[in-house]
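In: Sequence and predicted structure below; questions after.
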Amino acid sequence: MQVWNDYMAANKQRFLDELLDLLRIPSVSADSKYKADVARCADAVKDSLLKAGCDNAEICPTPGHPIVYGEKMIDPKLPTVLVYGHYDVQPPDPLELWHSGPFEPVIKDEKIYARGACDDKGQMFMHVKAIEVMVKTNTLPCNVKFMIEGEEEVGSSNLGKFLESNKEKLKADIVLVSDTSMISMEHPSLETGLRGLAYMEVEVVGPNRDLHSGVYGGAVANPINILAKMIASLHDENNHITIPGFYDKVQDLTEAERAALNSAPFNLEEYQEELGIKEVMGEKGYTTLERTGTRPTLDVNGIWGGYIGEGAKTVLPSKANAKISMRLVPNQSSDEISALFQKHFESIAPAGVKVKVTPHHGGEPVVTPTDSVAYKAAAKAIQTAFGKDPIPTRGGGSIPIIALFERVLGLKTVLLGFGLDNDNIHSPNEKYDVYNYFKGIETIPYFHKYLAEMS
C-alpha cells in the first residue's frame, strides 16, 4: 500500500538507527555477567513497543531473564496475531575472529554486522516497526500481541511456565515468528517445519589428579583419548548415528516429498565455495537439502580438557568434557533421545574411567500446516512484496518453544523469516542485510492485511 511505503520512506533512517541502538546492548543470556544488560535490553524493547503504538507494554519477570509483553487491541471480533521473538543473543566468542566489535554495529556493503543483527533482534524489530507503520497510518487491520523473551538462546526454560500462567493474556489465533531464513531474496521461501533439539554435556573422569604423561602414560586411561574414541563411535562409516533406537521413530520422506524438497534452487559448488570446503559430508544416501532439513544429526559443539595454554606441558589430564547437540525430526522426542544418548554413552565407557552425562535444554520438532488461512496469508504477503510465490522449505535449526505454543496455547505458528543461511548466526561476524530488514517491514503488514481479509 502506498501509504505504508510513504511512511517507511519518511522514517527509513530512524528505523535503521533504532535497530543499531538495540544491537549495541550486549544482551547475552548465557553469561551471568551480562544480566544487567539483558534487563536493559528488555526495557528498550518495551519502550520501542510503546513508541510504535502499542496500548500497553510491560516487563514480565521470570526466575531468569524477563519477558516483554505488549499489545494493540482494536476490536476483539477481529483476528489476533501473537508475535514471538527474542531479544537475547548468543555469546560473541571467539572475539578475535570478529572484523568489528560484536556490540559495535557497523554497516558495510549494505549489511549490518553485529551480534543479534539477524538472530533475532533485526528480525524481531521488523515487527515492531511494521506495527508502527500500520498504527501511525491508521491501517492496522487486526489485533496484535507481542511476547519477546530473553532466554531463547539458553533453551527458553521459563517460557513454558509463563504460557501456562498467562493463557488468557496470550489468547490469539496464530503465532507469527521471524527467526528463520529464506533461500534468498531472489527465491523467497516459507519454512514449513523445524528440527527439534537435545543438548547434552558429557564428562569423562580418569585418575584423581593430572598426571605426568611420561611417568603414567600408557598405564592409565587418558580421559581425552577415551572421550575422543567414544565420540568417534557415535557415527559409523556412512555417518549414520549408532545409538540404538535413535532412528526408530524417524519417518523417511516419500519420493514425491524428496523431489519437491530438492527442487528448491541450490548450487552445491557455490555452497562449498561460500563455506571454504572442498566437499560436503553427511549421512550417506541423502542430499545436502535433505540432510539439513529432514534428517536427524549429532554434532560436538565444544570439547576441552588438559593443557591448552602456550607452549608445552606433558600432562595426562584427569578429565575431559564435551558439549553435544542432536537435531531431531518429526516423531522424535527430545526426552526420549536424551535418555537413549545417556544410556548408550554410559554403556560404551571403558572400566578405567567414570562418565557423567548432563542433559541441558531441548525442544521438539514441528511441522506447520500449509493449508491454513495464516499460511496462505503469509504466502500471499510474500507474493505481493516480492512478486513471486514463496517456495516451501524445511528449516534445519530449532526454536524449542514452537511446539510449546501448540501444546499449551493450542496455536499453530507461521515462520515468516527474512534471514539468510550465510548470515553467520551463532558465529563471528553475524550480519543482516539492510535490504532484508526493510523488506521484512514492507512484507509483514501485508500478512496482517490478508489474514484479516481471509478470516
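Out: Yes, it's here. Numbering: from 1, shown residues only.
In: In contact with the nearest residue to Asp47 once chain neighbours are set aside, which residues?
Out: With CB to CB, 6 or more residues apart in numbering as the criterion, Asp47 has its nearest non-adjacent residue at 7.8 Å, and that residue is Ala57. No exception for glycine: its C-beta is placed from N, CA and C like everyone else's. Going by CB atoms under 8 Å, 6 or more residues apart in numbering, Ala57 touches 46-47, 49-50, 68-71, 146.
In: quick check, Ala57 in a helix?
Out: No. Ala57 is assigned strand when assessed by DSSP: H, G, I helix; E, B strand; the rest coil, not a helix.
In: From Glu104, how far out is it?
Out: 27 Å (CB to CB, to the nearest Å).
In: what ranges of the stretch 251-400 of the chain fall below the confidence cut-off?
Out: For the stretch 251-400 of the chain, no stretch is flagged by pLDDT under 70.
In: rerun at 90
Out: Filtered on pLDDT under 90, the stretch 251-400 of the chain yields the residue ranges 251-253, 256-257, 260-261, 263-264, 360-363, 367-369, 394-400.
In: mind listing the strands for it?
Out: Using DSSP state E, counting those that start in this stretch, the strands assigned to the stretch 251-400 of the chain run over residues 297-305, 315-316, 319-328, 354-363, 366-367, 391-395.
In: Using TSV, lay out the ones you listed together with distance to Cys142.
Out: Shown next, in TSV, are those (distance: least, CB to CB, whole Å):
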stretch	distance to Cys142
strand 297-305	38
strand 315-316	63
strand 319-328	34
strand 354-363	28
strand 366-367	24
strand 391-395	24
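In: picking up where we left off before, for the contacts of Ala57, name the two members farthest from one another.
Out: Across these, the longest distance by CB to CB is 15.3 Å; it joins Asp47 and Glu71.
In: Those two: who's more crowded?
Out: Counted by other CB atoms under 10 Å, Asp47 and Glu71 do not tie: Glu71 has more neighbours, with 21 against 12.
In: Contacts for the host helix or strand of Met8, please.
Out: Here Met8, judged by DSSP states H and E, is contained in helix 2-23. Contact partners of helix 2-23, identified using CB under 8 Å, 6+ apart, comprise 41, 44-45, 48, 87, 103, 105, 112, 114-117, 121-122, 125, 129, 133-134, 136-137, 139, 434, 437-438, 441-442, 445.
In: is it true that Ile224 lies in a strand?
Out: No. Under three-state DSSP, Ile224 sits outside any strand and is assigned helix.
In: Distance-wise, check Asp299 relative to Ile425.
Out: 16 Å.
In: hang on, I meant Lys46
Out: 24 Å.
In: And Val434, by the same measure?
Out: Applying CB to CB to Val434 and Ile425 gives a distance of 17 Å.
In: Of the two, which one has the most company?
Out: The neighbour comparison of Val434 against Ile425 (other CB under 10 Å) goes to Ile425, with 22 against 17.
In: hmm, back to that, which pLDDT does the model give the residue nearest to Asp47?
Out: Ala57 carries a pLDDT value of 98.
In: If it is in a bridge, with which residues?
Out: Gly70 (DSSP bridges).
In: filter the contacts of Ala57 to the buried ones?
Out: 46, 49, 68-71, 146 (16 or more other CB atoms under 10 Å).
In: is it fair to say Cys54 lies in a helix?
Out: No. Cys54 is assigned coil when assessed by three-state DSSP, not a helix.
In: Dump the C-alpha coordinates for stretch 410-418 into CSV.
Out: This file holds the C-alpha atoms of stretch 410-418, laid out as CSV (Å, rounded to 0.1, in the frame of the first residue of the first chain):
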residue,chain,number,x,y,z
GLY,A,410,-3.3,-24.6,21.1
LEU,A,411,-1.8,-22.3,18.4
LYS,A,412,-0.1,-23.0,15.2
THR,A,413,2.8,-21.0,14.0
VAL,A,414,3.8,-19.2,10.8
LEU,A,415,7.5,-19.0,10.2
LEU,A,416,8.0,-15.7,8.3
GLY,A,417,11.8,-15.4,8.3
PHE,A,418,13.9,-13.0,6.3
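In: which residues are contacting it?
Out: Residues from elsewhere that reach stretch 410-418 (CB under 8 Å, 6+ apart): 82, 84, 123, 126, 172-182, 190-192, 194, 366, 368-369, 372, 374-375, 377-378, 381-382, 395, 402, 405-406, 436-437, 439-440, 443-444, 447.
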